[in-house]
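Q: have a look at this prediction, sequence included:
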Amino acid sequence: MFSLLKIRTTYCKVIPAEAGIQVFKTMKSLDSRFHGNDGHGKYVRSRRFTIHDLRGNNIMRNRRVIWAVLMTAALFLILPLESCGTDNTSKDEKYYHELGLKLYYDGFYELLPKGKVAEAKQKFEQAADAFKEAVLINDKFIDSHKYLAKIYAMQENYLKAIDEHLKVIELDPDNLDNYLLLASVYVRTKRFNEAEKVMEHAKTKTKDPMAIQRVNELIKNIREKSLK
């Protein structure tokens with residue numbers, strides 16, 4: 001079993017899917033091609049299949065055992081690698097998120113302070129594309145949704161910003177900051193009633209007296225803005 005696990009590990013890294021089919025073809029004749037000499041029990045780039053565990057005399061006498069092990073090895077090789085795919089997906093979403101962060105920081109902290117507004121806007125657009133790729137891979141990747149909401153708000157694309165904030169609240173409903181950020185977009189668009197409702201709902205998510213007091217102050221500010 002240890003050797004078979006090594007076979008699967010090697011498959012994830014270096015060999016194509018048709019390798020398992022090659023094993024099946026080889027199984028038709030149990031000849032010397034199965035007697036490799038590296039003893040590592042794995043399928044390597046040279047396509048030489050060596051199983052150290054099969055070299056003992058007792059196992060070699062039992063062809064049925066050999067067939068069973070080879071069949072298992074072949075299945076390990078040709079099955080769709082769900083687990084390997086999951087690892088790649090995780091890597092991809094993190095890759096695109098990190099790319100988006102770099103582009104966002106470049107625009108916000110490097111270009112805007114120097115007055116390079118056009119270049120900064122381009123960076124924000126590129127960052128948004130990267131964050132969209134991340135959530136396309138994993139729609140529950142909350143940090144990318146947060147940054148998309150920020151960028152859309154900066155671009156005055158408020159409808160999309162609201163959609164992203166709502167998604168963030170759906171994924172993380174107990175974080176009061178998420179409600180505050182959504183309410184701030186409603187205030188920008190003079191949708192004061194919606195902003196107040198969001199903050200009233202936020203109060204139901206905490207029993208902390210200090211947090212509730214802070215939310216009440218924000219609700220008061222929203223009402224004052226609505227009267228101007």
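A: Done, it's in.

Q: for the chain, what spans make up the helices?
A: Secondary structure of the chain by DSSP state H: the helices cover 2-14, 19-26, 57-60, 63-78, 82-105, 117-137, 142-154, 158-171, 176-188, 192-203, 209-226.

Q: in terms of mean pLDDT, which of the ones you listed ranks lowest?
A: The minimum mean pLDDT among those belongs to helix 2-14 (a mean of 37).

Q: quickly list the domain ranges of this structure.
A: When the chain is parsed with automatic domain parsing, its domains come out as 2-79, 81-155, 173-228.

Q: look up how far residue 196 lies from residue 212.
A: Noted for residue 212: a distance of 15 Å to residue 196, by Cβ to Cβ, to the nearest Å. C-betas here are computed from N, CA, C, even on glycine.

Q: more crowded one of these two?
A: More crowded of residue 212 and residue 196, by other Cβ atoms under 10 Å: residue 196, with 19 against 16.

Q: residue contacts, the more buried one?
A: By Cβ atoms under 8 Å, 6 or more residues apart in numbering, the contact set of residue 196 is 183, 219, 222, 223.

Q: those into a markdown table, with extra columns for neighbour count and distance to residue 132?
A: Shown next, in a markdown table, are those (neighbours: other Cβ atoms under 10 Å; distance: Cβ to Cβ, whole Å):
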| residue | neighbour count | distance to residue 132 |
| --- | --- | --- |
| 183 | 26 | 24 |
| 219 | 19 | 33 |
| 222 | 21 | 31 |
| 223 | 12 | 36 |
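
Q: and the two most separated of the residues you listed?
A: Largest separation among these by Cβ to Cβ: 183 and 223, giving 12.1 Å.

Q: would you mind confirming that residue 180 makes contact with residue 199?
A: Yes - with contacts counted by Cβ atoms under 8 Å, residue 180 reaches residue 199, the gap being 7.4 Å.

Q: of these two, give the one with the bigger neighbour count.
A: Comparing residue 180 with residue 199 by other Cβ under 10 Å, the one with more neighbours is residue 199, at 24 against 17.

Q: rewinding a little: using CSV, please lay out the contacts of residue 196 together with distance to residue 130.
A: Below are the contacts of residue 196 laid out as CSV (distance: Cβ to Cβ, whole Å):
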residue, distance to residue 130
183, 27
219, 36
222, 33
223, 39
